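Peer 1: I would like the atomic coordinates for the input below:
(3 chains)
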Amino acid sequence: MATRERAKPVTLDEEELLRKPRSPMGDAWRQLQKNKAAMISLAFIIVLIVMALTADLMHQAGWIDDYNTQHRGVGYAEPLTCANDDKDEDGVPDPVQFCFVFGADELGRDLLSRTIYGTRVSLAVGFIGSGVSLLIGTVYGVISGYYGGRIDNLMMRFVDFLYGIPFLPLIILMQVYFKSLSNAEVGGLAQVLVDIDNSMGGMFFLFVALGALSWIGMARLARGQVLSYKEKEFVEAARAVGAGDLRIIFIHLLPNVIGPLIVSETLAIPGYIFSEAFLSFIGLGVNPPTPSWGAMINAGREGIRSKPYLVLVPGTALALTTLAFNFLGDGLRDAFDPRLRGE
Amino acid sequence: MADGNGRPAMAGQDMGREVLLEVRGLKKYFPINAGILFQREVGAIKAVDGLDFFIYKGETLGLVGESGCGKSTTGRTILQLYRPTAGSVIFEGVELTTLKGSELRHMRRRMQMIFQDPYASLNPRMTVGRIIGEPLEVHKVARGKELIKRVQELLELVGLNSYFINRYPHEFSGGQRQRIGVARALALNPSFIVADEPISALDVSIQAQVVNLLQDLQKDLGLTYLFIAHDLSMVRHICDRVAVMYLGKIVELAESEELYTNPLQPYTQALLSAVPVPDPVVEKKRQRIILKGDVPSPANPPKGCNFCTRCPVAMDICFETEPPFVEVSPGHWAACHRLI
Amino acid sequence: MSGFLEAVKGVALRIADAIVRALGGTSMVKYIIRRVLAGIPVLLAITFAAFALIRAVPGGPFDFVGTKQRDERAVAALEQQFGLDKPLLIQFFNYVVNLLRGNFGPSLSRTNLGTPVSEIIAMKLPISMQVGIMAVMLGFGLGIPLGVLAAVYHNSLIDYTATFFAVLGRSIPSIVLGPVLILIFAVKLQWLPVAFWGSEPGVWIPPLNVLFSWRYISHAIMPVFTLGTGMSAGIARLTRASLLQVMRDDYIRTARAKGLPERTVIYLHALKNALIPVATIVGPLLAAVLTGTFVIELIFAIPGLGDTFVKSVSERDYNLLVGVTILYSAFLILGNILVDIMYTWLDPRIRYD
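Peer 2: Numbering: from 1, shown residues only, chains lettered A, B, ... in the order given. Below you'll find the model as predicted:
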């Protein structure tokens, strides 16, 4: 072999050396920050979350009504009208006035307050629905994709099987059944579930019904992601150093596959919110008087000729919320996958 | 020299040298499955189909062949990343093919791999420190400050600045990434490294750097390499001995200089005739042997000699029986009916 | 005579051969048959789920019987007449046997008691189909041009506007858009009727004089727009992404390098390939149409199948509820098979065996 100098270390200038490391997550976040629509949407969603969490506090502070406070004699109050609060029915009008910024419904309930309380249902359905679907779908898809072979084959046949389910008719039937449970004494574990559902205003079974039918797409996506990563050399490298299955799944696969799954779930959130709104719209969603935007829109439809605000106020809230989730989801997708940015 | 299992040494071994790895009758078939609900095996891809060879301690054995000939599978099967269909792999006197779980994991500290694609072989979500430190973490060799210190040493060892410990792979060039891959392979102080085309994905200008690094490390740490490649001139440069693979089998194995100056097997001859010679006089006389046809499918290899369908000098017997892999001259093995 | 039979047989074989080849060869036909067969257990399971679920709900279809209080004897007689007194599994078995003969059983609703469910479906389904098909046409008619425009004027004001409207269209739920349209065009402007549908039930394709009458069009505009905008938004997004991807391909660069006018490059070379992934949206679209018509029919009081389904829930019309669920499930299964077949047609690299 010819004599030669030893391999030299790579030299770099000082500036390059002291530069801060750029993590893929940090890159995605910086990319997202450039997207104005996504950032405004993110801020809007944070405001919604704060509203949902602090609705009771705002009520206690006297800023808004409780969702079921019925002011007497002011059914269908116009926006920007005020009424003397006569809740205590002593015949003497209280000196304190309550002003309906967005008007009141047929029972004299403040529309703004109900809309703010309605945030709780929509966000809960959106987040818990997508969370449940993400969890089940990811676990199912990762197991199926990682272990492959016969297990994968059987698990995916089951998913194909579920793909033949017509979502809406079945969810309607399920909700009819769950609703009938809430009025019945069933006893045992079922009673516990029914009690949970009643205490949540009828949301629990909604989560179950939505979650049970919506994870299949996520499972397919997760499996596809795992398949595309598990043959990568870095997974093989991990195996070569002696890493076990759990380490490979949690340290190597999950962090890589979770991004697209989260993006896809964010984009699915409007779907869950729609589904709840529609089910409440046909009376199969949350139980009255729990305010849900869908139920409020349906209640307002009767009077749309003279009282359009009954539909427009919850309708705008619903549309803005889904809009925000869509903008955020699109932004996240672009940030996570630079190829889609189209540069 | 007898191996740890007390079996007789393979014929042709130099008794004066220590054998680090011995491979006997190694086979790796990948099943072809069909069926929707109940899968059944309908055939097999014979990626590696009966290999016999050994590697001396401290040497570099080159493994060359066309893409798809099974050389990468061989490397992975030796390291038990793929479990072999048949055959035995004896490494440092231990039979690897029957090891499981923690015993196998323990042996993994002694043998490592460097991968072909420096972009795919590093987890993009992990920092360089975590990537290089992972072997130490998995085997609980070091932790905390000690681990960081060891990772920094490894970075310096492969010629990277230890400041890079918190960077992510995407911040590095291909050559730098390959150095990170080398550092990871060295973390557990292995004695044997399978280098699976470690330079073929790099720019030509970078290739020499990485090869030189590998040679320096071999000298300093006493490493043994199985160097898988398809660049014949690079193999000649760095390997002590070279094995040529065709369709899942080794067709010729010899000392580098011997193989390059005196190829015996027709496939090796054809392969070497494609290498340009940096001497205008010789180069002018160089006659290329152009092979006709395609490599047969490893799912359905020909009867007889695997090379018979393309061999320019095939005889009747080549289509009927498989040629044995024999030692033609000391240290020079080949499989061809014409040599018997 | 035998010569004639031979000729007929020959022609039949040739036709069969042509069909097989059009479907992508015998392996493809085998694949399709297998998929259809695999759909049968799915249908059975869904039938049973719907069947058991709706019967588990308290109250039955004949709760209306009796003037002031429930007439138990009359109810029992009716239940016996319609076989509801038997154990669940027997009922299910009888139902499936009837189903195999193409019989969905009689309706159990108060107004249509005894009318075959298949007859009701035959009356209602065409209306739902008309809504759905027109919405899909609007979806493609609006979505593809919007997507092309956004891609061609990539990163310009046109792109941003088109993208913005696409997100908007995707975000406004039909239960909001529907009432808002009604408020504007029916209540305030009084241009369009509030509800119902402009053609007779049971007619798949209305006669031309009906189809182009103002009565039909005015009833169709709002529901079709409400359902179609959401679809067009999805299609526009897909078209844009697909066209942008294709325009970066080498063969488009070659076409440009040849000196072809930009217009030819885009519309002749790029768009043709860009629309391939767009065509595969049919699968999700089918699900969206099935779900969408449900919602739209309720909002606009269109007497279609979704509207009938929701009304049947309170009437506990067991047979209709199960029948419609089976029908939608069959649509979905066939739609999924169709999508898989389309994939192989559009992308020769995909093969099923």
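
Peer 1: buried sites along the longest helix along chain C?
Peer 2: Across chain C, the longest stretch assigned as helix under DSSP state H is helix C:117-152. Across helix C:117-152, burial judged by 16 or more other C-beta atoms under 10 Å in any protein chain shown covers C:117-118, C:120-121, C:123-132, C:134-136, C:138-140, C:142-144, C:146-152. All C-beta atoms are positioned from the backbone trio N, CA, C, and that covers glycine.

Peer 1: also stretch B:207-215?
Peer 2: Of the residues in stretch B:207-215, those buried (16+ other C-beta under 10 Å) are B:207, B:209-215.

Peer 1: what about the chain, any weak spots by pLDDT?
Peer 2: All of this is about chain A. Counting by pLDDT under 70, chain A has low-confidence residues at A:1-19, A:72-75, A:80, A:83-97, A:184, A:337-343.

Peer 1: wait, I meant chain B there
Peer 2: Low-confidence regions of chain B, defined by pLDDT under 70, span residues B:1-12, B:34-40.

Peer 1: which residues of it fall in strands?
Peer 2: B:19-34, B:40-56, B:60-64, B:86-91, B:94-95, B:111-114, B:192-196, B:224-229, B:241-246, B:249-255, B:326-329, B:332-334 (DSSP state E).

Peer 1: what distance separates the last one from the centre of its chain?
Peer 2: Using C-alpha atoms, centre = their mean, to the nearest Å, the mean C-alpha position of strand B:332-334 is found 18 Å from that of the whole chain.

Peer 1: with the shortest one instead?
Peer 2: Taking C-alpha atoms, centre = their mean, one finds strand B:94-95 lying 19 Å from the centre of the chain it belongs to.

Peer 1: what's the burial count for residue 176?
Peer 2: All of this is about chain A. 20 (other C-beta atoms under 10 Å in any protein chain shown).

Peer 1: other chain: chain C
Peer 2: Should you count by other C-beta under 10 Å, residue C:176 turns out to have 26 residues around it.

Peer 1: wouldn't it be in contact with residue A:313 here?
Peer 2: No. Distance between residue C:176 and residue A:313: 10.9 Å, which falls outside the contact criterion (C-beta atoms under 8 Å).

Peer 1: I figured residue B:245 hits residue B:73, correct?
Peer 2: No. Between residue B:245 and residue B:73 there is no contact under C-beta under 8 Å: 9.9 Å.

Peer 1: and the angle for the helix or strand following the longest helix of chain C with helix C:117-152?
Peer 2: Using DSSP states H and E, the helix or strand that follows helix C:117-152 in sequence is helix C:157-171. Helix C:157-171 runs at 160 degrees relative to helix C:117-152, counting by axes from the mean of the first three to the mean of the last three C-alpha atoms, to 10 degrees.

Peer 1: now do the following helix or strand past helix C:157-171 and helix C:157-171, the angle between them.
Peer 2: Using DSSP H and E, the helix or strand that follows helix C:157-171 in sequence is helix C:174-181. With the same axes, to 10 degrees defining the directions, helix C:174-181 sits at 110 degrees from helix C:157-171.

Peer 1: what packs against helix C:174-181?
Peer 2: Contact here means 3 or more C-beta pairs under 8 Å, 6 or more residues apart in numbering or on different chains; DSSP states H and E; on that basis helix C:174-181 packs against helix A:254-281, helix A:293-301, helix A:309-336, helix C:214-247, helix C:282-299.

Peer 1: most tightly surrounded among these?
Peer 2: For those, average neighbour numbers computed from mean count of other C-beta atoms under 10 Å in any protein chain shown are highest in helix A:293-301, which has a mean of 25.

Peer 1: run the chain-centre distance for that helix.
Peer 2: Computed by C-alpha atoms, centre = their mean, the separation of helix A:293-301 from the middle of its chain amounts to 20 Å.

Peer 1: dump the C-alpha coordinates for it into PDB.
Peer 2: The C-alpha atoms that make up helix A:293-301 are tabulated as PDB, following Å, rounded to 0.1, in the frame of the first residue of the first chain:
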ATOM      1  CA  TRP A 293     -73.600  24.500  18.700                       C
ATOM      2  CA  GLY A 294     -75.400  21.900  16.500                       C
ATOM      3  CA  ALA A 295     -78.400  21.700  18.800                       C
ATOM      4  CA  MET A 296     -78.500  25.500  19.000                       C
ATOM      5  CA  ILE A 297     -78.500  25.800  15.200                       C
ATOM      6  CA  ASN A 298     -81.300  23.300  15.000                       C
ATOM      7  CA  ALA A 299     -83.300  25.100  17.700                       C
ATOM      8  CA  GLY A 300     -82.800  28.400  15.900                       C
ATOM      9  CA  ARG A 301     -83.800  27.000  12.400                       C
END
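
Peer 1: neighbouring contacts of it?
Peer 2: When contacts are taken as C-beta atoms under 8 Å, 6 or more residues apart in numbering or on different chains, the neighbours of helix A:293-301 outside the stretch itself are A:105-106, A:111, A:114-115, A:118, A:121-122, A:276-283, A:285-286, A:288, A:307, A:309-311, A:313-315, A:317-318, C:175-176, C:179.

Peer 1: try 6 Å this time
Peer 2: Outside of helix A:293-301, the residues within contact range by C-beta atoms under 6 Å, 6 or more residues apart in numbering or on different chains are A:118, A:122, A:277, A:280-281, A:285, A:310-311, A:314-315, A:317-318, C:175, C:179.

Peer 1: for these, which one is nearest chain B?
Peer 2: In terms of C-beta to the nearest C-beta, no member of the contacts of helix A:293-301 lies closer to chain B than residue A:122, at 32.9 Å.
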